[in-house]
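1. one predicted model, sequence on top.
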Amino acid sequence: MARNWKPLDDEQLDREVEDARRQSRIVSDSEARAVSARYNRRTRRIEVELADGCLFAFPAARAEGLEGATADQLAEVEVLGDGYALHWEKLDADFTVAGLLAGRLGSRAWMREHARRAGSVTSGAKARAARANGRKGGRPRKGVSRGTQE
């Protein structure tokens, strides 16, 4: 295969490097990056301050690897990877900031199990709704839209 490129002179190389740096800053500014993270003992939440000035928090007990941890262990959160990740050394727990913002508080298997357990919880409201549906003839069949029956 023939080489169809020409070597860059110093001026062209400097322009290419500066363009790459500019693009890197644009991408970096548009991605969620943490500048700080802390455990709030009063609310029992992990609070994350982002580079764009936004602040978000999540309950520590709902995150894989953090449930059951002591307040002192949770307070040892570190921001890693230029702000792209949170890390707890003693708990061996890591989360990406983008994943947390998307609601991923654990692995797929852990999230699936967490959702299964949450769905199996019974309450007075669920029992009342089930009884009301029973009086109306039960749950509507799948595939039957409201107002029409086939």
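-> Yep, it's here.

2. isn't D82 up against R33?
-> Yes - here D82 reaches R33: they are 6.6 Å apart, a contact under C-beta atoms under 8 Å. Backbone N, C-alpha and C define where each C-beta goes, glycine included.

3. looking at the two, which is more packed in?
-> R33 (19 against 11; other C-beta atoms under 10 Å).

4. spatially nearest residue to that one, not counting backbone neighbours?
-> Nearest residue to R33 in three dimensions, chain neighbours excluded: G83, at 3.3 Å (C-beta to C-beta, 6 or more residues apart in numbering).

5. just checking, the one you found touches V35?
-> Yes - proximity of G83 to V35 meets the contact threshold set by C-beta under 8 Å, at 6.2 Å.

6. identify the contacts common to these two.
-> Contact criterion C-beta atoms under 8 Å, 6 or more residues apart in numbering; residues shared by G83 and V35: A51.

7. ok, those two, which is more surrounded?
-> Between G83 and V35, G83 has the larger neighbour count (other C-beta under 10 Å), namely 20 against 12.

8. the more buried one and L101: what is the separation?
-> G83 is 12 Å from L101, where distance means C-beta to C-beta, to the nearest Å.

9. helix, strand, or coil at the residue nearest the centre of the chain?
-> Per C-alpha atoms, centre = their mean, the C-alpha nearest to the average position across the chain is that of L100, at 1.9 Å. Using DSSP: H, G, I helix; E, B strand; the rest coil, the structure places L100 in helix.

10. what sits against the nearest residue to it once chain neighbours are set aside?
-> The spatially closest residue to L100, leaving aside those adjacent along the chain, is F58, at 6.4 Å (C-beta to C-beta, 6+ apart). Taking C-beta under 8 Å, 6+ apart, we find F58 in contact with R45, I46, L100, L105.
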